[in-house]
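Participant: Fold the stuff below for me.
(2 chains)
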Number of protein chains: 2
Amino acid sequence: MTGNRTIMCYFAAMKEIRYSLGQLYDFTVAVFDAIGCPGSDAHTAAGVLLSADLRGIDSHGIARLSGYVRLQEAGRVNPVPHISKVHETPSTAVIDGDAGLGLVVAPLAMRTAMEKARLAGTGWVSVRNSNHFGIAGYHAMLALEEDMIGIAMTNASALVAPTFSIERMLGTNPIAVAIPAGEQPPFVADMATTTAANGKLELLQRQSKAAPYGWVQDKHGDATTNAHALREGGSLLPLGSDREHGSHKGYALGSIVDIFSAVLSGASYGPWAPPFPAYVPMPENMPGQGLGHFFGAMRIDAFRTAETFKEHMDHWIGRFRQAVPANADQKVLIPGDPERETEALRRVEGIPLVASVIDELRELAARLSLTGHPFSS
Amino acid sequence: MTGNRTIMCYFAAMKEIRYSLGQLYDFTVAVFDAIGCPGSDAHTAAGVLLSADLRGIDSHGIARLSGYVRLQEAGRVNPVPHISKVHETPSTAVIDGDAGLGLVVAPLAMRTAMEKARLAGTGWVSVRNSNHFGIAGYHAMLALEEDMIGIAMTNASALVAPTFSIERMLGTNPIAVAIPAGEQPPFVADMATTTAANGKLELLQRQSKAAPYGWVQDKHGDATTNAHALREGGSLLPLGSDREHGSHKGYALGSIVDIFSAVLSGASYGPWAPPFPAYVPMPENMPGQGLGHFFGAMRIDAFRTAETFKEHMDHWIGRFRQAVPANADQKVLIPGDPERETEALRRVEGIPLVASVIDELRELAARLSLTGHPFSS
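Facilitator: Next up is the predicted model:
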């Protein structure tokens, strides 16, 4: 019996229901509206959040909606922020997010970088006093609309131990770079500076599977396959996994993201970055305000004509697609390929949500008295 | 006897002689002078080259001097380049290196980025038609003199296979980022976007040692510890080593460096990047001119006062130095620590050169009829 029950629970946890983008979008707007976000902000935030679900980064999409609401309820997110530019030069700005949703602050900051780029060739914006901004790739990709290269990064609450350490000092601190092409789809890299993103680890936890060696270490700094090691005092490992395989490079990359996002802007950095879960107490003696982000926009024609550049990008991408594969059943991918393919599929077939996420959204709908939505009872 | 002979050869190969910075500098200037570089260029090139030896990046220092000379002899380096700005905006420029030494072109391009930053807040320069520029960290660190963050990257001849491929498509494409601090020394990251730099592999080859798994793959794409795998059709692996450990991130980082350095400027990219060894034929159908570099300079006070930033950097660095180590005999390092310590030591004790490098330099001195130097016969 015990064995059967375990199997049934396992399948129940894995059961998925598909929803259309429109259904999830309307519900998400209603949620942000219910917690007091002005209408346009609710739409902006919903668009950013759901771009993660569309692109297959399920850990950063609607699965986090309840988390954002709890931050607002805990007074850590200001639903009506006065977002302001506190310093600027022709090609730079510092923006204070006034504790607003990162989902709202970040697109505004990215558009400020693009405005700067229109006049000065490039624009670079460091942001303080913000919150979690969804997927970095969304913001970087805004630049593609105007034939610019877009760059986005953010610090995040500390889960990652530097090389030689057992202390969580850095977040998964992602870097996204979006580069326009012509006939080919754009090049879009969006990566945590850790060996594996935390979302991938959470997936293994839900499935009670082991993690590959090199993703996490236990609280003593020893290699482990325990996907729950983080809960037991362990930490995520920087890209490279260990010193011999270049973890000092992943540690340096995560540090650069932290410094550009938070030290340059006046946000809280390193182990003092504010946590996403509202139940985790805020760190003491925070050296800055909120989370930090960093955005860049480079106009292609500040270097060479967009037409010539795109021809060469098409040539570059075409050549890399033809790189000799190691196995006949594999092909070389261009950064952004898997996410674009997932998005094309999900726009048609809908976005699958697992039972635990559906339950959370139902609870949220009830708590906020939302009716007429797929998660309303 | 065979056993003894092997051991003796091993020690002979490892035998080192120390030279003062001044000795090596004067010799290097004399070599660049002998191949026709104008006086100031010879000094610039020698300074860049020897900064690698000082900082312990022996693979990129005077050990490569003969290689630069052979490139000049093969007509691939122009000793008297007319380096020109071919396009600019307030915060950007494209520079054509006229096939000059990267050791000369790069500092000039970095200083152009700094000039731009003085007026526009930041400066970004993409360079085409250049050659190998030494260590990226040297150029990034130039920005520190003016309280700027410095960024330097370059593409390089293809040795690295993308994830899922066995074809060499990218160079080791390094990224360097130098960030000023106050009381603390600056944060200086300087890293190849591969698991291990090629120089480290060369060291294992000289010592007939095995490479750790994850550094290289053989010509079939299989994991190997053969440090000579590259000579046998294998390839270097991107940072992350394999897909499960994030090699697609290292591949993306190397690609971004290639695109910023070469597609944005009009240099030759991907598998068409010109090779450093003069005996390797130039690729056919090159899509651009020479190697490409990319430089960035961000004025700290384009974001917040340099004084406040440096206080926070000191705080950041101090806190990371105190991160709990995994073992009592280890400590957490800040990027740039090992190189700075090596430099302090070598400025006093001299720079050790191995016998094979000394032999090459003697041969070079004889060929160029240089007298009065430690390598003259």
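
Participant: nearest residue to A:Val77 other than its sequence neighbours?
Facilitator: A:Leu71 (4.4 Å; Cβ to Cβ, 6 or more residues apart in numbering or on different chains). C-beta coordinates here come from the backbone N, C-alpha and C atoms, glycine included.

Participant: pLDDT at that neighbour, what is it?
Facilitator: pLDDT, A:Leu71: 97.

Participant: What's the separation between A:Val105 and B:Met298?
Facilitator: As for A:Val105, its distance to B:Met298 is 21 Å (criterion: Cβ to Cβ, to the nearest Å).

Participant: Chain A: strands as residue ranges?
Facilitator: Secondary structure of chain A (DSSP state E): strands at A:16-19, A:84-89, A:92-96, A:122-130, A:148-154, A:175-179, A:187-191, A:216-217, A:223-224, A:235-236, A:291-299, A:351-354.

Participant: Now mean pLDDT and distance to A:Ile62 too, for those strands, in JSON lines please.
Facilitator: As requested, the strands of chain A are arranged in JSON lines below (pLDDT from 0 to 100; distance: least, Cβ to Cβ, whole Å):
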{"stretch": "strand A:16-19", "mean pLDDT": "94", "distance to A:Ile62": "9"}
{"stretch": "strand A:84-89", "mean pLDDT": "98", "distance to A:Ile62": "30"}
{"stretch": "strand A:92-96", "mean pLDDT": "98", "distance to A:Ile62": "26"}
{"stretch": "strand A:122-130", "mean pLDDT": "98", "distance to A:Ile62": "20"}
{"stretch": "strand A:148-154", "mean pLDDT": "99", "distance to A:Ile62": "19"}
{"stretch": "strand A:175-179", "mean pLDDT": "99", "distance to A:Ile62": "20"}
{"stretch": "strand A:187-191", "mean pLDDT": "98", "distance to A:Ile62": "18"}
{"stretch": "strand A:216-217", "mean pLDDT": "98", "distance to A:Ile62": "26"}
{"stretch": "strand A:223-224", "mean pLDDT": "94", "distance to A:Ile62": "31"}
{"stretch": "strand A:235-236", "mean pLDDT": "97", "distance to A:Ile62": "23"}
{"stretch": "strand A:291-299", "mean pLDDT": "98", "distance to A:Ile62": "20"}
{"stretch": "strand A:351-354", "mean pLDDT": "96", "distance to A:Ile62": "7"}
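
Participant: Dump the ones you listed to TSV, plus mean neighbour count.
Facilitator: Shown next, in TSV, are those (neighbours: other Cβ atoms under 10 Å in any protein chain shown):
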stretch	mean neighbour count
strand A:16-19	14
strand A:84-89	16
strand A:92-96	25
strand A:122-130	30
strand A:148-154	29
strand A:175-179	27
strand A:187-191	25
strand A:216-217	27
strand A:223-224	17
strand A:235-236	25
strand A:291-299	30
strand A:351-354	20
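
Participant: so which of those gets nearest B:His248?
Facilitator: strand A:187-191 (7.9 Å; Cβ to Cβ).

Participant: Serialize the strands of chain A to a markdown table and add fields for distance to A:Gly137.
Facilitator: Below are the strands of chain A laid out as a markdown table (distance: least, Cβ to Cβ, whole Å):
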| stretch | distance to A:Gly137 |
| --- | --- |
| strand A:16-19 | 22 |
| strand A:84-89 | 25 |
| strand A:92-96 | 20 |
| strand A:122-130 | 17 |
| strand A:148-154 | 7 |
| strand A:175-179 | 4 |
| strand A:187-191 | 3 |
| strand A:216-217 | 24 |
| strand A:223-224 | 30 |
| strand A:235-236 | 20 |
| strand A:291-299 | 12 |
| strand A:351-354 | 17 |
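
Participant: low pLDDT regions in chain A?
Facilitator: Applying pLDDT under 70 to chain A flags the ranges A:1-14.
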